[in-house]
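S.K.: Quick one, fold the following:
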Amino acid sequence: MKKEELSYLYLILIHVFIGFVIYLLPFTAKLYGYSIFILGTYYVIKSQDKNNEALMVAAYIAGSEVLLRMTGGNISYEFSKYGVVFFIFIGMYFSGFSKGAIPYWIFLLLLVPSVLIATFVLDFDTNIRTTIAFNISGPVCLGLASLYTYRRKIGLAQLNNILLSLGLPILSCAIYLFFYTPNVRDVITGTQSNFETSGGFGPNQVATFLGLGMFIFFSRIILESRSKFLILLNLIIVFNISYRGMVTFSRGGMITGFLMIVLLLFFLYFKTNTRGKLKLNYIFVIIAVAMISIWTYTSLQTGGLINKRYANQDAAGRDKASKFTGREDVATSEIDMFLQNPIFGVGVAKGVEIRESKTGRFVASHDEITRMLAEHGTLGIFGLLILFFTPLVLYLDNSFNMYLLCFLAFWFLTINHAAMRTALPAFVYSLSLLNVQLGVDRRGSE
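M.R.: Okay, the predicted model is just below:
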């Protein structure tokens, strides 16, 4: 076995072991969370971010968020967002940031009016500081990370290493879920999202992470597997992560991961030569067989309920009245708020209070787009337009970034069903702004 194969195998086994130990000894989750922060800080400061080590550690923190949340291992609930920002600041200190990232300065400034409004309109008994911080931390994390990554030169090989840093803790999460619910047949009785197969945590967030993990290790099959051993190893990982994601019965994250895979395959197919297309044809066959196998196995394990879940049916096979589990009602209420407050919106976090006063229920938004409209008004529209179109403009100048459309799709689709409650969509979005090149050793910003 070659040295690089052995090193990769060790990394995989270490993170399989981490998932097992956290399940066996729950207190180690807290040790794991603190270790990430302490060792990561030492690693970035010692290297002085000469090769974008700040991105490596930030990626690992973003990837570990859902595992730390479900096991109580995070330093604080919002640890990952603040952790990503912390390491981005260290990276900026050592290697600077792009002077041309004006769109993201504008985006951050567009958030300010709604924050100021919130300090006046939030209910008297609301903890204003923590409430605003909780609701604005996702967009701020995205804006600051984007200042660091905007047109920063990076090699494709290192970008793949950053994605691996993102994917390894997701693998640990999948292993934890395996031991948490070894027999899914015992806990799946309907077609609703399942907390038992999601480690007792929110299935929507868990599936989002597992869907991304599926994509990351799938991409390694194509781009980083130079031997049959690595292909087989990564296939096994993809199969297991995909299966654990499917049995959460939360569709958004898994559909997003699958669409990312499709986008990557289309990019590679249209950018490669005839010989490359021939190799990709074989890969298409392998992937098709793998996907069919995953679906068939999951269907057998769930007694066919997974088929009904994706067909939007209940256990009896009847079509459900709502395709979005009631989230469309929340989105409608936020559009109404925007129409009544079209310029500056109702203020950060005020949308939840307005809904609670009308319905008597505390219901947070799952859709970042309608939340931006309701709470930031027209300024929110401008902010969203900046976020959507800036990477596409950069793509015209750096079409070699084969992941750009995948990252942008992940951000856009994720904020439509899981808002920005985790650091993951913000961090992955920022990766779409990187200037990916071949043969770049010393990284820096333009």
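
S.K.: Most remote residue from the middle of the protein, which is it?
M.R.: Phe124 (34.3 Å; Cα atoms, centre = their mean).

S.K.: Look at it and tell me its secondary structure.
M.R.: coil (DSSP: H, G, I helix; E, B strand; the rest coil).

S.K.: Under the pLDDT cut-off, which ranges of this structure? List them.
M.R.: 321-326, 439-446 (pLDDT under 70).

S.K.: C-terminal to the helix or strand where Arg69 lies, which secondary structure element comes first?
M.R.: In this structure, Arg69 sits in helix 53-71 according to DSSP states H and E. Using DSSP H and E, the helix or strand that directly follows helix 53-71 along the chain is helix 79-95.

S.K.: Only the buried residues of that following helix, if you could.
M.R.: Within helix 79-95, the residues that qualify as buried are 79-88, 90-92, 95, counting by 16 or more other Cβ atoms under 10 Å. Placement of C-beta: from N, CA and C, glycine included.

S.K.: tell me the strands in the stretch 301-446 of the chain, going along the chain?
M.R.: With DSSP state E, counting those that start in this stretch as the criterion, the stretch 301-446 of the chain has strands at 435-437, 444-445.

S.K.: so how far is the longest one off the chain centroid?
M.R.: Using Cα atoms, centre = their mean, to the nearest Å, we find the averaged C-alpha position of strand 435-437 to lie 21 Å away from the chain's own average C-alpha position.

S.K.: So that it lines up with my notes, have the first residue be 40 from now on.
M.R.: All set: I'll call the first residue 40, so the last point we hit is now strand 474-476.

S.K.: who's in contact with Ser232?
M.R.: 242-243, 287-289, 364 (Cβ atoms under 8 Å, 6 or more residues apart in numbering).

S.K.: Just to be sure, it is in a helix?
M.R.: No. Remark: Ser232 does not belong to a helix; assigned using three-state DSSP, it is coil.

S.K.: Look up phi and psi at it.
M.R.: Dihedral angles of Ser232 (phi, psi; degrees, to the nearest 10) stand at phi -60, psi 140.

S.K.: wait, what's in contact with Gln87?
M.R.: Gln87 touches 133-134, counting by Cβ under 8 Å, 6+ apart.

S.K.: Look up how far Tyr132 lies from it.
M.R.: 9 Å (Cβ to Cβ, to the nearest Å).

S.K.: just Lys397 next, same as before
M.R.: Taken as Cβ to Cβ, the span from Lys397 to Tyr132 is 46 Å.

S.K.: now do Ile276
M.R.: 35 Å.

S.K.: Same check on Asn200?
M.R.: Taken as Cβ to Cβ, the span from Asn200 to Tyr132 is 22 Å.

S.K.: Likewise for Glu104?
M.R.: In terms of Cβ to Cβ, Glu104 sits 24 Å off from Tyr132.

S.K.: With Thr169 instead?
M.R.: In this view, Thr169 and Tyr132 are 27 Å apart by Cβ to Cβ.
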